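A.B. asks: Let's see this in three dimensions:
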Amino acid sequence: MASVSAVEEDTGSRQLPDCIQGQNGLVLTDLGRMQIINGLRRFEIEYQGDPELQPIRSYENAGLVRLMFWVASLVNQRVRIHLSV
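C.D. replies: Numbers count the residues shown, from 1 in each chain. Purely as a prediction, here's the structure:
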């Protein structure tokens, strides 16, 4: 059985950790675990929810983000009342 990383390295696409296809999806091999632990490779993870509710980033001011979200929500509620009439 070929590992997923070997196939992806041949095509030159993104570098996933070494893993094999199992019954429930990809399963990391011992080599893949070591690659993740050592920071050599990683899985690409993307947020798939509401963009307004993404986690606050480390480079953002958490208090300011929460305040601005609260203000924007308040404005949206008041505008929605006027637009629905």
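
A.B. asks: Tell me, domain by domain, which residues of the protein belong where.
C.D. replies: What automatic domain parsing lists as the domains of the chain is 4-37, 51-84.

A.B. asks: Comparing the ones you listed, which yields the minimum mean pLDDT?
C.D. replies: Among the domains of the chain, domain 4-37 carries the lowest mean pLDDT, a mean of 77.

A.B. asks: So what's the residue count around Q15?
C.D. replies: For Q15, the neighbour count with other Cβ atoms under 10 Å is 14. Every C-beta, even on glycine, is put in place using the N, C-alpha and C of the backbone.

A.B. asks: circling back: just say which of the domains of the chain is most tucked in.
C.D. replies: domain 4-37 (a mean of 13; mean count of other Cβ atoms under 10 Å).

A.B. asks: what about I37, distance to D30?
C.D. replies: 11 Å (Cβ to Cβ, to the nearest Å).

A.B. asks: Show residues contacting the longest helix anywhere in the chain.
C.D. replies: Ordering each helix of the chain by length in residues (DSSP state H) puts helix 62-84 first. Residues outside helix 62-84 that contact it (Cβ atoms under 8 Å, 6 or more residues apart in numbering) are E52, I56.

A.B. asks: at 7 Å what do you get?
C.D. replies: I56 (Cβ atoms under 7 Å, 6 or more residues apart in numbering).

A.B. asks: Where do the helices of this structure begin and end?
C.D. replies: Under DSSP H, the chain gives helices at 4-11, 30-37, 62-84.

A.B. asks: Of those, which is nearest P17?
C.D. replies: helix 30-37 (3.7 Å; Cβ to Cβ).

A.B. asks: what does the closest one contact?
C.D. replies: Identification of contacts with helix 30-37 by Cβ under 7 Å, 6+ apart yields P17, D18, C19, R41, R42.

A.B. asks: let's see it at 8 Å
C.D. replies: S5, P17, D18, C19, L28, R41, R42.

A.B. asks: Need those in CSV (columns: distance to M68).
C.D. replies: CSV is the format used below for the contacts of helix 30-37 (distance: Cβ to Cβ, whole Å):
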residue, distance to M68
S5, 42
P17, 37
D18, 43
C19, 40
L28, 40
R41, 36
R42, 31
